[in-house]
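Visitor: Kindly generate the corresponding structure for this input.
(3 chains)
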Amino acid sequence: MDAVSIFISIAFHGIAFAMVLYLVSVGLSVTMGLMGFVNLAHGVFAAAGGYLMLTLMNGYGVPFPLALAIACLAVAAGSVVLERLLYRRLYGGNELDQVLLSIGLIFMSVATAKFFWGPLPQPMHPPAYLDGQLDLGFRSFPTYRSFLIVSGAVVVSLLWLGLERTRFGMTLRAAVDNHRMAQSIGIDTKRLFTLTFALGSGLAALGGALGAEILAIDPGYALEQLIYFLIVVAVGGLGSIRGPFFAALLVGTADTAFKYLEPELGAFFIYGMTLALLLWRPQGLFGRA
Amino acid sequence: MTDVGAAALETRGLCKNYGALAVANDINFRLERGARHALIGPNGAGKTTFLDLVTGRFPPTAGRILLGGADVTALAQAQRVKRGLARTFQINTLFRGLSVLENVCMATSERLGRAGDLFRPAGSRRDVIDRAYAALERLGLADDAARLVRELPYGRQRLVEIAVALSLEPDVLLLDEPAAGVPSTESGIIIEVIESLPPEIAVLIIEHDMDLVFRLARRLTVLVQGRILVEGTPPEIAANAAVREVYLGERAST
Amino acid sequence: MEHNPPRPAMPVANALRELLWPALRVGSGPGPAPGTSSAVDALRRGHHLRPLEMLPWLVAAAAYFLFPDYLALGAQILLAVLFALSFDLILGYAGIVSLGHAAFFGVGAYAAGLLAANGWSEPLSGLVIAGIAAGLVGLLSGAVILRTRGLTLLMLTLMIAALLQETANKAGAITGGADGLQGMHVAPLLGLFRFDVFGRTAYVYCLAVLFLGWLAARRIVQSPFGRGLIGIRENEDRMRAIGSPVFRRRLVIYGISAALAGIAGGLMAQTTQFVALDALGFERSGVVLIMLILGGVGRLYGAFIGAPLYMILQDGFAQQDPVYWYFWIGLLLVLVVVFARGGVLGLGQRLARRLGWPS
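Guide: Okay, the predicted model is just below:
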């Protein structure tokens, strides 16, 4: 392959990966920044989304769009229960307790997934209309990943637009900017947190389900991919909504490029890059000092 | 070590900018040895920022800081403390889960150069403990020595702040609103403690309470929007038209 | 040098309470009783050995005779206690939350393992070198990352461990890569005690090293330096304002903790004669965190409760139901957070308070 093709190919797959990373990580960034909760178990919501969608598709023949929607809504609803029962107790509290709780949830999810679905990754068969190659004239691209990029971009645009325009978005941004102020001007933070948590988990489920073809859904998902999600959040800047997007683009394309160009060195580059970036900008690329 | 004519603390052209906002603007300030000096000004004038710059909590954007005539601008906070600069905080900054005595011991131990000791038990350092206890006795805190700081009433905690700073045996003591938030029934003790500080210590006090300022300070500096408006004796300041306009005007409006 | 005389025997009623409360109390706060000498006394007696502190050693010694079939597991538990103890020094005392402490365990394990695989079979010197190697890695990485805080620091510790693991993985010619490091030869301890298949020598060896590690750690946390670490954890601003070189203090304890972790790793390499990549892995970093939080953080004895609890439970579950061990330990963690914050020692402390003992 010539250099241009390689570049296009890396950019394409890198951006597809970045979409998945961003959809999963944005909720984590907000949970950490706004609620002050180190939720290491955030990947569980992504894995749950993936498992639900794939089970509905593969086991019950539910069409892809419907399965996707059900999975996201179900995970968002389920996360509200967890938030009310467990997470809420620890908001702004001892981060060790938070870490312990979230590791406990990861462990339980790993075992549960193994119990119901076995140790192997779940196969992802895109529907026929998204299968195969998409010919754009100058080149052809895998159809499903093209769809992934486009739908990811649409969701991100809707999310940002929604946060700019809706009342919920305004309160959320105000609360992220200044937590105490938001409380003192009478924003119902309890309700806001629950809604935000549900939104973040729903997006994670969307990312996990849509991305099942890139990050395979298996029992260890929540633990193994955690490191990527954390990198995106830390590099993007804690509590930021847009920061993780650019961090995801960076991490997604850099990871794809390194693995393609120097497969021998594996994840070495991405860890080294994160280390260097965080030493250079400890608050992340878009975090406030 | 230091030249005799030098001020206890001096800043020359001290500036601090946050983006376009200048929170300290060309501050030239002298604190003489043994001074009782107050820094006053409306809210947001940059008084606490000034202390943070002087103590090295933040680096200045420009300017120099001299302690006893020696330039300490490049020194870390800890090194400035070793050279005799101590401060208290506007909001209590103590080890809330430790006892009063231990709070003071922590400072004494640093002062005596024992705090880096890895192997001798802290409890066997009689000199540290006895000195710390004596410091508490001087401030009338001996009865509270064993109590956890978080169990103390707020006014007593303010006293512990002062006790911790004093046990560093400073030449220059910076007090950031020592009586803020303390009910008037308790603030008397704090004023007495400040009045009875050893005369050789140079004291700079930030305070909003004008009664307290006029009672304690022999010299006043008025800071407005990060810049020194005027400096003088209390009667001079009281009579100054610009001060009345900016400072007292602001007070009347709030 | 002053010597403090041993305390006289006490009436039985008081003895129990004397025995229990000091080990359970957090940090250092003496009881609320005011009075001139009590505060000074409490501080001066803070480092005296309490009877209860001997309990772990009695249990460990008894276990040697009671469970001769489990000594190999016992040795692994003892070195896990040392690893968790090293972690307590940074997490519990200096307040450094790390998700990459396995980096130092792994460096120690590979150092000791590589020595033993390349002809340096004497175990004690191997262990010392393992500790030094890990300590150096701790100092070097700490010098770079310890200026940061919070999530950034957490991520940096994670990245350092991940980088080391990748390095060990890629340097397969030296480390054995994913197959693990094999072919070690460990000479008899002191030239006398062969490492036997029942784990007798391994058990006693680990116990002795743990004891020394505990003595050092105890000494450190009770030194002025150790009290200063608590100060940094409780209020860093104040420590700076009283002239404490916070960065240097954090770096020193980070190096010490890394060295102890490396010794624990070296013990694992020598007693199992095998080192795999998971010695450096994220899971090990997570598990040591769990062990410590289960037992109780910042109390020096949390490691002695959490590590055995975790490993014995794991061993028990793994025998019946190896796959779902994760489910039960996960549930236990959630329950601990909801009902038993502060771990087992925290629970004990609350119980003591309810019984009206000073805490």
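Visitor: May I have the phi/psi pair for whatever residue of the stretch 51-200 of chain B ends up closest to chain C?
Guide: Distances between the stretch 51-200 of chain B and chain C by CB to the nearest CB are smallest at residue B:81, namely 3.0 Å. For every residue, glycine as well, the C-beta is placed using N, CA and C. Per-residue torsions, residue B:81: phi -60, psi -40 (degrees, to the nearest 10).
Visitor: contacting residues around it?
Guide: For residue B:81, the contacting residues are B:55, B:110, B:168, B:170, C:241, C:242, C:243, by CB atoms under 8 Å, 6 or more residues apart in numbering or on different chains.
Visitor: For the fifth one, give its distance to residue B:226.
Guide: Put plainly, it is residue C:241. 23 Å (CB to CB, to the nearest Å).
Visitor: the more surrounded of those two?
Guide: residue C:241 (28 against 23; other CB atoms under 10 Å in any protein chain shown).
Visitor: Relative to residue C:180, how far out is the more buried one?
Guide: Residue C:241 sits 50 Å away from residue C:180, going by CB to CB.
Visitor: So, low pLDDT: which residues of the stretch 101-250 of chain B?
Guide: For the stretch 101-250 of chain B, the stretches with pLDDT under 70 are B:247-250.
Visitor: whoops, I mixed them up, chain C
Guide: C:1-37, C:322-323, C:356-359.
Visitor: where along the stretch 1-150 of chain A do the helices fall?
Guide: Assigned by DSSP state H, counting those that start in this stretch, the stretch 1-150 of chain A shows helices spanning A:3-34, A:42-60, A:64-85, A:95-117, A:143-165.
Visitor: which other helices and strands contact the first one?
Guide: Counting contacts by 3 or more CB pairs under 8 Å, 6 or more residues apart in numbering or on different chains; DSSP states H and E, helix A:3-34 packs against helix A:42-60, helix A:143-165, helix A:167-177, helix A:189-210, helix A:226-236, helix A:243-261.
Visitor: List the buried residues for it?
Guide: For helix A:3-34, the buried set under the neighbour-count rule, 16 or more other CB atoms under 10 Å in any protein chain shown, comprises A:9-10, A:12-34.
Visitor: now the angle from that helix to helix A:64-85?
Guide: 30 degrees (axes from the mean of the first three to the mean of the last three CA atoms, to 10 degrees).
Visitor: Pull the distance from helix A:3-34 to the chain's centre.
Guide: Computed by CA atoms, centre = their mean, to the nearest Å, the separation of helix A:3-34 from the middle of its chain amounts to 9 Å.
Visitor: same question, stretch C:80-100
Guide: Put simply, stretch C:80-100 sits 6 Å off its chain's centre (CA atoms, centre = their mean).
Visitor: which SS state does residue C:352 fall under?
Guide: Residue C:352 falls in the helix class when you classify it by DSSP: H, G, I helix; E, B strand; the rest coil.
Visitor: can you count the residues close to it?
Guide: When neighbours are counted by other CB under 10 Å, residue C:352 registers 18.
Visitor: and the gap between it and chain B?
Guide: Counting by CB to the nearest CB, to the nearest Å, the gap from residue C:352 to chain B is 17 Å.
Visitor: quick revisit: in helices, which of the contacts of residue B:81 fall?
Guide: Applying DSSP state H to the contacts of residue B:81, the entries found in helices are B:55, B:110, C:241.
Visitor: Nearest to chain A among those residues?
Guide: In terms of CB to the nearest CB, no member of the ones in helices among the contacts of residue B:81 lies closer to chain A than residue B:55, at 19.8 Å.
Visitor: circling back: pick out the most distant pair among the contacts of residue B:81.
Guide: Spanning the widest gap among those are B:55 and B:110, at 14.6 Å by CB to CB.
Visitor: In terms of packing, which of those two has more residues around it?
Guide: Between residue B:55 and residue B:110, counting by other CB under 10 Å, residue B:110 is the more crowded of the two (25 against 20).
Visitor: give the contact list for the more buried one.
Guide: Going by CB under 8 Å, 6+ apart, residue B:110 touches B:81, B:168, C:228, C:242, C:243, C:244.
Visitor: Go ahead and confirm residue B:201 touches residue B:175.
Guide: No - using CB atoms under 8 Å, residue B:201 makes no contact with residue B:175, being 10.8 Å away.
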